[in-house]
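Asks: Output the structure for:
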Amino acid sequence: MKITQFTKLALVIFALSGFVACSSTGEDAAASESQTQSSSSSSGNSQSAAEAAAAAAEERMRRSALATRIFYFDFDVSEFRGSDRDVLNYHARELAANPSKRIRLEGHADERGTREYNLALGERRANGILNYLIVNGAARNQIEIVSYGEERPADRATSDAAYQRNRRVEIADM
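Replies: Next up is the predicted model:
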(Lines give C-alpha, C1' and ligand atoms only; values in the text may rest on other atoms or scores of the structure.)
Protein backbone atom coordinates (compact mmCIF):
# COMPACT_ATOMS: atom_id res chain seq x y z
CA MET A 1 0.00 0.00 0.00
CA LYS A 2 2.88 2.39 0.80
CA ILE A 3 4.43 1.66 -2.59
CA THR A 4 1.16 2.54 -4.30
CA GLN A 5 0.97 5.86 -2.46
CA PHE A 6 4.61 6.54 -3.32
CA THR A 7 3.95 5.77 -7.00
CA LYS A 8 0.95 8.10 -7.05
CA LEU A 9 2.99 10.85 -5.43
CA ALA A 10 5.81 10.41 -7.95
CA LEU A 11 3.34 10.54 -10.88
CA VAL A 12 1.71 13.72 -9.55
CA ILE A 13 5.09 15.37 -9.09
CA PHE A 14 6.17 14.27 -12.56
CA ALA A 15 2.97 15.59 -14.14
CA LEU A 16 3.29 18.91 -12.33
CA SER A 17 6.89 19.26 -13.40
CA GLY A 18 5.75 18.71 -17.00
CA PHE A 19 3.31 21.60 -16.75
CA VAL A 20 5.90 23.82 -15.18
CA ALA A 21 8.45 22.86 -17.85
CA CYS A 22 6.12 23.97 -20.64
CA SER A 23 5.93 27.51 -19.28
CA SER A 24 9.51 28.02 -18.14
CA THR A 25 13.03 28.22 -19.46
CA GLY A 26 15.38 25.26 -19.70
CA GLU A 27 17.10 26.23 -16.44
CA ASP A 28 13.80 26.18 -14.54
CA ALA A 29 12.93 22.76 -15.95
CA ALA A 30 16.30 21.33 -14.89
CA ALA A 31 15.85 22.75 -11.39
CA SER A 32 12.33 21.31 -11.20
CA GLU A 33 13.55 17.86 -12.29
CA SER A 34 16.34 18.02 -9.73
CA GLN A 35 13.79 18.86 -7.03
CA THR A 36 11.60 15.94 -8.13
CA GLN A 37 14.51 13.52 -7.89
CA SER A 38 15.55 14.94 -4.52
CA SER A 39 11.97 14.69 -3.25
CA SER A 40 11.70 11.09 -4.46
CA SER A 41 14.92 10.01 -2.77
CA SER A 42 14.06 11.74 0.51
CA SER A 43 10.60 10.13 0.41
CA GLY A 44 12.28 6.76 -0.10
CA ASN A 45 14.66 7.37 2.81
CA SER A 46 11.87 8.49 5.14
CA GLN A 47 9.75 5.55 4.02
CA SER A 48 12.51 3.04 4.78
CA ALA A 49 13.14 4.75 8.13
CA ALA A 50 9.43 4.50 8.94
CA GLU A 51 9.42 0.81 7.98
CA ALA A 52 12.46 0.19 10.19
CA ALA A 53 10.78 1.96 13.10
CA ALA A 54 7.60 -0.07 12.60
CA ALA A 55 9.62 -3.31 12.50
CA ALA A 56 11.43 -2.34 15.71
CA ALA A 57 8.13 -1.52 17.43
CA GLU A 58 6.66 -4.85 16.32
CA GLU A 59 9.68 -6.70 17.71
CA ARG A 60 9.30 -4.90 21.06
CA MET A 61 5.62 -5.88 21.16
CA ARG A 62 6.48 -9.50 20.33
CA ARG A 63 9.08 -9.70 23.10
CA SER A 64 6.76 -8.09 25.61
CA ALA A 65 3.94 -10.46 24.68
CA LEU A 66 6.16 -13.53 24.93
CA ALA A 67 7.36 -12.35 28.35
CA THR A 68 3.73 -12.47 29.53
CA ARG A 69 3.38 -16.02 30.80
CA ILE A 70 0.55 -15.79 33.35
CA PHE A 71 -3.11 -15.44 32.41
CA TYR A 72 -5.64 -14.65 35.11
CA PHE A 73 -9.26 -15.78 35.35
CA ASP A 74 -12.40 -14.54 37.02
CA PHE A 75 -14.00 -16.49 39.86
CA ASP A 76 -15.35 -19.90 38.80
CA VAL A 77 -14.68 -19.14 35.10
CA SER A 78 -12.62 -21.25 32.72
CA GLU A 79 -12.64 -18.88 29.69
CA PHE A 80 -9.63 -16.61 29.45
CA ARG A 81 -10.14 -12.88 29.15
CA GLY A 82 -10.57 -11.29 25.74
CA SER A 83 -7.77 -8.88 26.56
CA ASP A 84 -5.37 -11.86 26.55
CA ARG A 85 -6.03 -12.78 22.89
CA ASP A 86 -3.29 -10.63 21.37
CA VAL A 87 -0.66 -12.02 23.74
CA LEU A 88 -1.83 -15.59 23.12
CA ASN A 89 -1.63 -14.94 19.36
CA TYR A 90 2.07 -14.11 19.75
CA HIS A 91 2.60 -17.34 21.72
CA ALA A 92 0.79 -19.35 19.03
CA ARG A 93 2.88 -17.79 16.26
CA GLU A 94 6.07 -18.43 18.24
CA LEU A 95 5.16 -22.11 18.61
CA ALA A 96 4.21 -22.38 14.94
CA ALA A 97 7.53 -20.83 13.90
CA ASN A 98 9.52 -23.14 16.21
CA PRO A 99 8.17 -26.71 15.85
CA SER A 100 10.71 -28.12 18.32
CA LYS A 101 9.63 -25.74 21.11
CA ARG A 102 7.58 -27.34 23.91
CA ILE A 103 5.54 -25.68 26.67
CA ARG A 104 3.43 -26.78 29.61
CA LEU A 105 0.19 -25.00 30.54
CA GLU A 106 -0.28 -25.15 34.30
CA GLY A 107 -3.85 -24.54 35.46
CA HIS A 108 -4.54 -23.18 38.94
CA ALA A 109 -7.54 -22.26 41.09
CA ASP A 110 -8.04 -20.46 44.37
CA GLU A 111 -8.74 -22.43 47.55
CA ARG A 112 -12.52 -22.03 47.46
CA GLY A 113 -14.28 -25.20 46.35
CA THR A 114 -13.39 -28.87 46.76
CA ARG A 115 -10.00 -30.24 45.78
CA GLU A 116 -11.56 -32.25 42.93
CA TYR A 117 -13.54 -29.30 41.62
CA ASN A 118 -10.47 -27.03 41.65
CA LEU A 119 -8.35 -29.63 39.83
CA ALA A 120 -11.04 -29.90 37.14
CA LEU A 121 -11.35 -26.09 36.94
CA GLY A 122 -7.58 -25.68 36.54
CA GLU A 123 -7.66 -28.28 33.76
CA ARG A 124 -10.54 -26.54 31.96
CA ARG A 125 -8.62 -23.26 32.13
CA ALA A 126 -5.47 -24.83 30.69
CA ASN A 127 -7.51 -26.59 27.98
CA GLY A 128 -9.14 -23.29 26.98
CA ILE A 129 -5.74 -21.75 26.33
CA LEU A 130 -4.48 -24.96 24.70
CA ASN A 131 -7.36 -24.95 22.21
CA TYR A 132 -6.83 -21.29 21.39
CA LEU A 133 -3.12 -21.82 20.73
CA ILE A 134 -3.83 -24.80 18.46
CA VAL A 135 -6.48 -22.94 16.46
CA ASN A 136 -3.99 -20.13 15.96
CA GLY A 137 -1.07 -22.20 14.68
CA ALA A 138 0.53 -24.22 17.47
CA ALA A 139 0.75 -28.00 17.16
CA ARG A 140 -0.88 -30.20 19.81
CA ASN A 141 2.35 -32.17 20.36
CA GLN A 142 4.10 -28.96 21.46
CA ILE A 143 1.85 -28.41 24.46
CA GLU A 144 1.34 -30.38 27.65
CA ILE A 145 -1.26 -29.45 30.24
CA VAL A 146 -1.35 -30.06 33.96
CA SER A 147 -3.74 -28.86 36.64
CA TYR A 148 -2.56 -28.09 40.14
CA GLY A 149 -5.96 -26.86 41.30
CA GLU A 150 -5.46 -25.10 44.62
CA GLU A 151 -2.23 -26.99 45.45
CA ARG A 152 0.28 -24.33 44.31
CA PRO A 153 -1.05 -20.89 45.23
CA ALA A 154 0.82 -17.81 44.05
CA ASP A 155 -0.40 -16.02 47.18
CA ARG A 156 -1.25 -17.84 50.43
CA ALA A 157 -3.34 -14.99 51.88
CA THR A 158 -7.12 -15.34 52.13
CA SER A 159 -8.15 -12.04 50.55
CA ASP A 160 -9.97 -11.37 47.27
CA ALA A 161 -6.73 -10.01 45.80
CA ALA A 162 -4.87 -13.20 46.76
CA TYR A 163 -7.62 -15.39 45.33
CA GLN A 164 -7.41 -13.41 42.07
CA ARG A 165 -3.66 -14.07 41.80
CA ASN A 166 -4.29 -17.79 42.34
CA ARG A 167 -6.85 -18.15 39.51
CA ARG A 168 -4.43 -18.48 36.61
CA VAL A 169 -2.76 -20.48 33.87
CA GLU A 170 1.02 -20.26 33.64
CA ILE A 171 3.10 -21.05 30.57
CA ALA A 172 6.27 -22.97 31.46
CA ASP A 173 9.00 -23.94 29.02
CA MET A 174 9.88 -27.61 28.83
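
Asks: hey, let's count contacts and neighbours off CA atoms from now on
Replies: OK.

Asks: low-confidence ranges in this protein?
Replies: Residues of the chain meeting the criterion pLDDT under 70: 1-44.

Asks: what do you get if the cut-off is 80, keeping everything else the same?
Replies: 1-46 (pLDDT under 80).

Asks: From the recorded domain assignment, give the ranges for it.
Replies: Domains of the chain are assigned by automatic domain parsing as 2-56, 68-173.

Asks: Ok, which of those domains comes nearest residue 62?
Replies: Comparison of the domains of the chain against residue 62 by Cα to Cα identifies domain 68-173 as nearest, at 6.4 Å.

Asks: mind checking how far the closest one is from the chain centre?
Replies: The chain centre lies 18 Å from the centre of domain 68-173; the measure is Cα atoms, centre = their mean, to the nearest Å.

Asks: hang on, the earlier thing: please produce CSV containing the domains of the chain, extended by mean neighbour count and distance to residue 62.
Replies: Formatted as CSV, the domains of the chain follow (neighbours: other Cα atoms under 10 Å; distance: least, Cα to Cα, whole Å):
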stretch, mean neighbour count, distance to residue 62
domain 2-56, 13, 10
domain 68-173, 18, 6
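
Asks: which element follows the helix or strand containing residue 85 toward the C-terminus?
Replies: Element membership for residue 85 (DSSP states H and E) is helix 85-97. Following helix 85-97 in sequence order, the next helix or strand is strand 103-108 (DSSP H and E).

Asks: Which strands or helices does that following strand pack on?
Replies: With contacts defined as 3 or more Cα pairs under 8 Å, 6 or more residues apart in numbering; DSSP states H and E, strand 103-108 has these neighbours: helix 115-135, strand 143-149, strand 168-173.

Asks: Adjacent strands (with direction) for the second one?
Replies: This points to strand 143-149. Take DSSP bridges as the rule and strand 143-149 pairs in its sheet with strand 103-108 (parallel).

Asks: The partner strand to strand 168-173, inter-axis angle?
Replies: Angle of strand 103-108 versus strand 168-173, following axes from the mean of the first three to the mean of the last three Cα atoms, to 10 degrees, is 160 degrees.

Asks: what's next to strand 103-108, contact-wise?
Replies: For strand 103-108, the external contacting residues (Cα atoms under 8 Å, 6 or more residues apart in numbering) are 118-119, 121-126, 129-130, 142-153, 166-174.
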